[in-house]
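> have a look at this prediction, sequence included:
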Amino acid sequence: MSEFNLSDYPHRRFNPLTGEWILVSPHRTKRPWQGQQERPVEEKRPAYDPGCYLCPGNTRANGAQNPPYTGTYVFQNDFAALLPDIPAGEVRADDLLVAQAEPGLCRVVCFSPDHSLTLPQMEVADIRRVVDVWTEQYEEIGAMPQINYVQIFENKGQVMGCSNPHPHGQIWSNASLPQEVAQEQRAQGDYLRSKGSCLLCDYVALELARAERIVCQNADFVALVPFWATWPFETMILSTRHMASLSDLTEGERDALASLLKRLTTRYDNLFEVSFPYTMGIHQQPTDGAAYPEWHLHLHFYPPLLRSATVKKFMVGYEMLGQPQRDLTPEAAADRLRQLSEVRFDQQ
Ligand code: H2U
Ligand code: ZN
């Protein structure tokens, strides 16, 4: 038997951001790659769809009318999961039945008036306007007294439950820290206290030095497949400079983030030559006014596709009962993403 290594033997990997483990079974990918099979024809969408509730000038489901917007457009979610004006209160019985009122606010962010586009198809200058809007919204919503955390995210593609192909994302904000964020905050805080440095600054430096999992980068941001990736082609975008939130970005860094968003999402589309579905979200410091030296701005991309435009990864069985598992190693996933063009397949 040869010595243990990460590309031949089952092992578990630690996620230092959440404290969770993931099982990796690389020996199962030893069978040869069968290559691309089905490739659904991309539906061509019109630039304006009279039936779309997000297109400029159209009427939404609750009767409100969108203005004839020409750039980005933000509105209060008409079916918001969180509401600002609710009574405070809690239920507690024997520490077993525990509930608390949760005030909050939800908004929808249209990235572009053009119904036919997605982020990778937008101009970098227009993605930069999206970065600006995310920053403004983070600051405006974060300043509200009841709001202590602002979660900016995008659900893209029908398989992710996205209800509308118009380029858009969402913002959900609330009083308490959402679970994922609380876990990451605890881990970053513990790391800073025990090592005296930032977890993600140290991680980015390590990844840049090893260059095994980097997908693409520029002077200010790095896109990589994290060592502990759970989804087949999961990635993170991290700032190379230590910063806690979008508010810390310089003008140049906003441009750099917009550019890397386009480059990474274009690679994603080129992987199976389809508009690549994912859930993407921005993690940054809470907005309760406290100082969070441990927080390092980053974005997560969680895409479900595994082997083709239609074969996706399910988190079932052992993964629901035990722990998440993957066959393709994060190194192999990064290698495939790295080899792809940054010109979208339909433009090549
Ligand atoms: P998706 O990003 O998952 O497609 O969700 C779109 C959001 O848009 C969803 O949260 C909201 C839904 O509540 N929406 C409106 O606010 N108004 C509408 O007219 C339709 C959808
Ligand atoms: Zn539309």
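The structure has been received and is ready for your questions. Numbers count the residues shown, from 1 in each chain. Ligands and ions are numbered 1, 2, ... in the order given.
> show me where this structure has helices.
Listed in chain order, the helices of the chain (DSSP state H) span 124-142, 179-195, 199-210, 251-272, 318-321, 330-339.
> of those, which is nearest ligand 1?
helix 124-142 (14.3 Å; CB to the nearest ligand atom). Where C-beta positions appear, they are placed from N, C-alpha and C, glycine not excepted.
> which of the residues in the closest one are buried?
Within helix 124-142, the residues scored as buried using 16 or more other CB atoms under 10 Å are 126-135, 137-138, 141-142.
> and the helices of the chain, which is most packed in?
Each of the helices of the chain was scored by mean neighbour count; the highest is helix 251-272, a mean of 21, by mean count of other CB atoms under 10 Å.
> a markdown table for the helices of the chain, including distance to Ile152 and mean pLDDT?
Listed next are the helices of the chain as a markdown table, based on distance: least, CB to CB, whole Å; pLDDT from 0 to 100:
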| stretch | distance to Ile152 | mean pLDDT |
| --- | --- | --- |
| helix 124-142 | 5 | 98 |
| helix 179-195 | 12 | 98 |
| helix 199-210 | 18 | 98 |
| helix 251-272 | 12 | 98 |
| helix 318-321 | 27 | 94 |
| helix 330-339 | 23 | 97 |
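> adding distance to Ile282, write the ones you listed out as JSON lines.
Output for those, formatted as JSON lines (distance: least, CB to CB, whole Å):
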{"stretch": "helix 124-142", "distance to Ile282": "7"}
{"stretch": "helix 179-195", "distance to Ile282": "11"}
{"stretch": "helix 199-210", "distance to Ile282": "13"}
{"stretch": "helix 251-272", "distance to Ile282": "10"}
{"stretch": "helix 318-321", "distance to Ile282": "25"}
{"stretch": "helix 330-339", "distance to Ile282": "20"}
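> looking at these, spot the one closest to Pro304.
helix 251-272 (11.7 Å; CB to CB).
> now for that closest one, which elements pack on it?
Packed against helix 251-272 by the contact rule (3 or more CB pairs under 8 Å, 6 or more residues apart in numbering; DSSP states H and E) you find helix 124-142, strand 214-217, strand 221-224, strand 235-239, helix 330-339.
> pull the most distant pair out of the buried residues of helix 124-142.
Using CB to CB, the buried residues of helix 124-142 reach their maximum pairwise distance at Asp126 and Gly142, which is 24.3 Å.
> who's the residue of the stretch 201-348 of the chain found nearest ligand 1 bridged to?
Using CB to the nearest ligand atom, the single residue of the stretch 201-348 of the chain nearest to ligand 1 is Thr279, 9.5 Å away. Taking DSSP bridges, one obtains Asn155, Tyr302 as the residues bridged to Thr279.
> and it, what's its pLDDT?
Note on Thr279: pLDDT of 97.
> now do Phe314
With respect to pLDDT, Phe314 scores 89.
> neighbours of it, how many?
Phe314 has 9 neighbours, counted by other CB atoms under 10 Å.
> that older thread, export the buried residues of helix 124-142 to TSV and tack on distance to ligand 2?
Shown next, in TSV, are the buried residues of helix 124-142 (distance: CB to the ion, whole Å):
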residue	distance to ligand 2
Asp126	15
Ile127	18
Arg128	21
Arg129	17
Val130	16
Val131	21
Asp132	21
Val133	17
Trp134	20
Thr135	24
Gln137	20
Tyr138	25
Ile141	24
Gly142	28
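> nearest to Gly189 among the residues you listed?
Gly142 (19.4 Å).
> now do the same end-to-end measure for stretch 276-288.
35 Å (CA to CA, to the nearest Å).
> roughly how far does the residue nearest to Val159 when sequence neighbours are not counted sit from Glu154?
Computed as CB to CB, 6 or more residues apart in numbering, the closest residue to Val159 that is not its neighbour in sequence is Pro277, at 4.9 Å. Counting by CB to CB, to the nearest Å, the gap from Pro277 to Glu154 is 10 Å.
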